[in-house]
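> predicted model and sequence follow; I will ask about them next.
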Amino acid sequence: MTARKPYRTLSGTSRLAGVMGWPVSHSKSPRLHGYWLAKYGIDGSYMPLPVEPENFQAALISLRNLGFSGVNVTIPQKEMAMPECDELSDRARRIGAVNTVTFAKDGRLLGDNTDGFGFIENLRQEAPDIDFTFGPAVVLGAGGASRAILVALLDEGSPEIRIANRTRARAEDLVREFNDPRLTVIDWPVSPDALSDVSLLVNTTSLGMVGQPKLDIDMDGLPTSALVTDIVYAPLITGLLQQAKDRGNPIVDGLGMLLHQARPGFHRWFGIDPEVTQELRDFVLSPD
Ligand code: ATR
């Protein structure tokens, strides 16, 4: 009789990956990738890698030299990773930040940004009928998350995207930089008129997150057919999403964006494009 293996351990050829950031203790990525590694029975490991910003460059090169397959990079190092990469994906260059680094066999660092991909894939999974080309979108916020979402929406063929940001100049800078006639800046706070023909409303600000002020928005002008989504996922149903739901709009929460943005890295490093399921959502949300 063959003995059942009591434990799954790493082998001498395990694939290694992780998430670099400072701090990194809040990151859900180790739990998320760890779930997929177990689910697919992969000989690999995904580690939290707390790296102070001044050590970032040295740590990145060391991880490559240690034989890692790749790393995710989180705040505040997403911009710092850009100049370290030998090659950038088109979307990483346009977004201006890298969240996924793959160490190629020849030692080169390949930088990508999968945040916009995660945003789109989440909406496609949760609202399969979504047609990004159908009507104008309103995007609240002009920070890093907004940049990723704007690039993704432009690539999906959105006909018009109105950006509203507390600091208007930041939104104007974005429009100037992206130089796409489909992008415009509208007032913050958003007037009901600016919402009257909108098919997608997205919050990319931190408003509504646990510990942050609430997001005040008058949704009176918004068609009830418009999809409302939030990148904030703590709480899962933000004030914005509750307000939208109460008036009959379809909503999609932000957790799926986090889960889907992890897929391309996992695929490259561990060889499987993993599935985002309800069980995974529950697992990532459950206390350790
Ligand atoms: P991220 O990379 O997560 O997008 P960020 O670049 O700091 O983070 O951007 C945060 C976004 O939330 C910005 O659009 C910011 O507006 P400003 O550009 O005016 O700072 C927005 N934000 C944060 N706190 C806010 C608040 N109290 N009221 C309105 N907008 C806020």
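Great, that's in hand.

> and for stretch 203-219, what's in contact with it?
Stretch 203-219 has contacts (C-beta atoms under 8 Å, 6 or more residues apart in numbering) with 139-141, 143, 145-146, 149, 165-166, 189-192, 195, 201, 229-232, 234-235, 238-240, 243-244, 247, 249. In short, each C-beta sits where N, CA and C put it, glycine included.

> go with 6 Å
Stretch 203-219 is contacted by residues 140-141, 145-146, 149, 190, 192, 230-232, 234, 238-240 when judged by C-beta atoms under 6 Å, 6 or more residues apart in numbering.

> just the buried positions in it, please.
Across stretch 203-219, burial judged by 16 or more other C-beta atoms under 10 Å covers 203-205, 207-209, 215, 217, 219.

> nearest residue to whatever residue of the chain ends up closest to the ligand in space, please, no chain neighbours.
With C-beta to the nearest ligand atom as the measure, Gly143 is the residue of the chain nearest to the ligand, at 2.1 Å. Distances taken as C-beta to C-beta, 6 or more residues apart in numbering place Thr204 nearest to Gly143, at 6.8 Å, with adjacent residues excluded.

> same check, this time on Leu183
With C-beta to C-beta, 6+ apart as the criterion, Leu183 has its nearest non-adjacent residue at 4.7 Å, and that residue is Val175.

> the one you found: how many residues sit nearby?
18 (other C-beta atoms under 10 Å).

> and for the one 3 residues further on?
By the measure other C-beta under 10 Å, the count of residues near Phe178 is 16.

> need the phi and psi values for it.
Per-residue torsions, Phe178: phi -70, psi -30 (degrees, to the nearest 10).

> same check on the one 5 residues further on?
Dihedral angles phi and psi of Leu183 (degrees, to the nearest 10) take the values phi -100, psi 130.

> what number of residues lie near it?
Other residues close to Leu183 by other C-beta under 10 Å number 21.

> and it, how far from Pro136?
11 Å (C-beta to C-beta, to the nearest Å).

> what does Met20 give?
Taken as C-beta to C-beta, the span from Met20 to Pro136 is 37 Å.

> who has more neighbours, those two?
When neighbours are counted by other C-beta under 10 Å, Met20 and Pro136 differ, and Met20 comes out ahead with 25 against 20.

> which stretch of helix or strand covers that one?
strand 15-21 (DSSP states H and E).

> quick one: that strand to chain centroid distance?
For strand 15-21, the separation from the chain centroid amounts to 17 Å (computed by C-alpha atoms, centre = their mean, to the nearest Å).

> all helices of the stretch 101-250 of the chain, in order?
115-126, 144-155, 168-178, 239-246 (DSSP state H, counting those that start in this stretch).

> the third one - what's its average pLDDT?
The one in question is helix 168-178. The pLDDT scores in helix 168-178 average 98.

> contacting residues around that helix?
Here helix 168-178 makes contact (C-beta under 6 Å, 6+ apart) with 142, 163, 165, 183, 185.
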